[in-house]
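# Provided below are the primary sequence and the corresponding predicted coordinates.
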Amino acid sequence: MNNDQIEKIAKIFCSTHNISIDTMEYGLKWATTETYAPFLLFIECLDTKCFQDRNNPIDGFFIDMIHRSSNSFGSMITLIANGHLQDAEISARTLSESTLKIQSLLTGNVVDNISNYLAYYYSDSMHKNGHWKSVADTMADSDFYNSLIKNKNEVEDGAKSICKAFIESIGGIWPAKPEKYTIYDIYKKLDREVEYQTVYRAMCGQSHQNPEDLINSLLYSLTDDVDLEKRAKSEKHSFSIFICLWSMRYFLETMLLLGKYFKFNSVIDKSTESLSIIEMMHHKIQNQLAKCEFPDGWTKSTIDGI
C-alpha cells in the first residue's frame, strides 16, 4: 500500500478503536494497516450480492468470531502504541487463540466442527460445575452456592437444547460425547504442535506472571556491566513485538481462510499480500532480537515495569 492508503486505513482503525492516530509510529501504523485491510474488505464484501445469495446459517458464527478477533487485535495495537508492550503480549495470546479456533473450525467438515465446538463447551461447563458443587458442599454457606450452580445448569441446559435443535435443523449431528477442544487440541489439529510448544508457551509467560523477567532483573543487578540491563530490556521489548507479530500472522492466515470459505476474492488477494509483508517484518524483528536491539518505528516510549 502507498502512504495515502496507509493513512486512510489508519484513520479508520483509530476511529473504530478510540485511539489517537498521533500515538502510532510509522512501523506500527504500517503493520496495523496491512493486518486490518483484509478485515475491512471482508466487512465490505458482506454487503455484496455474492454474500447475500449464500443464505448459509453457519456464516454468522464466523462473522461474529472474526469481529471479536478484530477487537482483540485493536486492543493489542492500542497497548503497543502506548508503550505497554508486555501487556500487548497478553492480548496477542487472546488474538492467537481466537483466530486459530476459527481456522480449526474451517478445517474439515464445518457443520460437524461447529457441532462439536458447541457440544464440548456445554460438556466441559457441566464438568466444571460439578467440581464447583463439590467445593461448595464443604462450605458453611453451601446453599447459596448450590442455588447459583443449579440456576447455571438450568440456563445452560436450555441453551444447549436450542443449539442442538439448530445443528439438527441444518443436517448436523449433535455428538453424545464431543471430542476435547482445548487450545492444544486446536494446534494439534492444525498440525502446529511445535508452535504450541514454542510460540504459544512464550505467549503465556506474561499472563501467567512467568518469573523469567524477574530472574533476568536479578542477574543483571548482580553485575557491574551497566549496559547489560539496557540490552536485556531492549531484548524484552523486542520480544514483545516479535510475539505480537506472530498473532498478526495468525489473524491474516485466518482472514485468508475466511476469504476462501466465503469466496471473497478481494480478501484472499489482500490477505496473501499482507501476510508476506508481516512475515518480512517478523523476520526483521527476529534479526534485531538476536542482537538485543529494539526496532525503530513501533512505539514512542515503553512502559517498563521491571
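Sure thing, it's come through.
# low-confidence stretches in the chain?
305-306 (pLDDT under 70).
# point to the residue nearest the middle of it.
In the chain, the residue lying closest to the centroid (C-alpha atoms, centre = their mean) is L95, at 1.0 Å.
# was I right to think that residue contacts F73?
Yes - L95 lies in contact with F73 (C-beta atoms under 8 Å); the separation is 5.5 Å. In short, each C-beta sits where N, CA and C put it, glycine included.
# give me the common contacts of the two.
S247, M248, F251 (C-beta atoms under 8 Å, 6 or more residues apart in numbering).
# nearest to D53, of these?
F251 (27.3 Å; C-beta to C-beta).
# how many other residues sit next to that closest one?
For F251, the count of nearby residues is 31 (other C-beta atoms under 10 Å).
# all helices of the stretch 201-306 of the chain, in order?
Remark: helices assigned in the stretch 201-306 of the chain by DSSP state H, counting those that start in this stretch are 201-207, 212-221, 226-262, 265-290.
# other SSEs contacting the third one?
On a contact count with 3 or more C-beta pairs under 8 Å, 6 or more residues apart in numbering; DSSP states H and E, helix 226-262 meets helix 26-45, helix 59-81, helix 85-106, helix 201-207, helix 212-221, helix 265-290.
# what comes up buried for it?
Residues 228, 232-259, 261-262 are the ones in helix 226-262 that count as buried (16 or more other C-beta atoms under 10 Å).
# and what of the first one?
When burial is assessed from 16+ other C-beta under 10 Å, helix 201-207 yields the following buried residues: A202, M203, G205, Q206.
# only the buried residues of stretch 13-23, if you could.
Taking 16+ other C-beta under 10 Å as the criterion, stretch 13-23 shows F13, C14, H17, I19, T23 as buried.
# and stretch 219-227, by the same measure?
Neighbour-count burial for stretch 219-227 [16+ other C-beta under 10 Å]: Y220.
# now stretch 135-144
Buried residues in stretch 135-144 (16+ other C-beta under 10 Å): A136.
# distance between the ends of that stretch?
One end of stretch 135-144 sits 12 Å from the other (C-alpha to C-alpha, to the nearest Å).
# same check, this time on stretch 49-61
19 Å.
# which residues does that stretch contact?
By C-beta under 8 Å, 6+ apart, the surrounding residues in contact with stretch 49-61 are C45, L105, V110, V111, I114, F166, S169, I170, F262, K263, F264.
# touching, the first one and S266? I think so.
Yes - at 6.6 Å, C45 counts as touching S266 under the criterion of C-beta under 8 Å.
# compare those two (neighbour count), which wins?
Comparing C45 with S266 by neighbour count (other C-beta under 10 Å), the higher total belongs to C45, at 18 against 15.
# look up how far M255 lies from the closest residue to the more buried one other than its chain neighbours.
The shortest distance from C45 to any non-neighbouring residue, by C-beta to C-beta, 6 or more residues apart in numbering, is to F264 (4.3 Å). Look at F264 and M255: by C-beta to C-beta, to the nearest Å, they are 9 Å apart.
# do E293 as well
Per C-beta to C-beta, E293 is found 30 Å from M255.
# same check, this time on L100
The value you get for L100 to M255, if C-beta to C-beta is used, is 13 Å.
# cool, S75 as well?
18 Å.
# L228 too?
41 Å.
# for A140, same thing?
Counting by C-beta to C-beta, the gap from A140 to M255 is 52 Å.
# residues touching L257, list them.
I102, Q103, L106.
# so the last one sits against Y261, correct?
Translated: L106. Yes - the criterion here is C-beta under 8 Å, and L106 meets it with Y261 at 5.6 Å.
# intersection of neighbour lists for these two?
Common neighbours of L106 and Y261 (C-beta under 8 Å, 6+ apart) are F62.
# circling back to that earlier point, between F264 and M255, which contacts overlap?
Counting by C-beta under 8 Å, 6+ apart, the common neighbours of F264 and M255 are F42.
# domain ranges for the protein, per the record?
1-107+191-306, 109-189 (automatic domain parsing).
# tell me the most buried of these?
Comparing the domains of the chain by mean neighbour count (mean count of other C-beta atoms under 10 Å), domain 1-107+191-306 ranks first with a mean of 17.
# so which elements touch the helix or strand where A10 lies?
Using DSSP states H and E, the element containing A10 is helix 3-16. Applying 3+ C-beta pairs under 8 Å, 6+ apart, we find helix 3-16 packed against helix 26-45, helix 59-81.
# neighbouring contacts of it?
1, 20-21, 24, 29-30, 32-33, 36-37, 40, 74, 77.
# could you pull up phi and psi at N2?
phi -80, psi 170 (degrees, to the nearest 10).
# quick one: it from H208, how far?
42 Å.
# go on, F239?
Where H208 is concerned, F239 sits at a distance of 16 Å (C-beta to C-beta).
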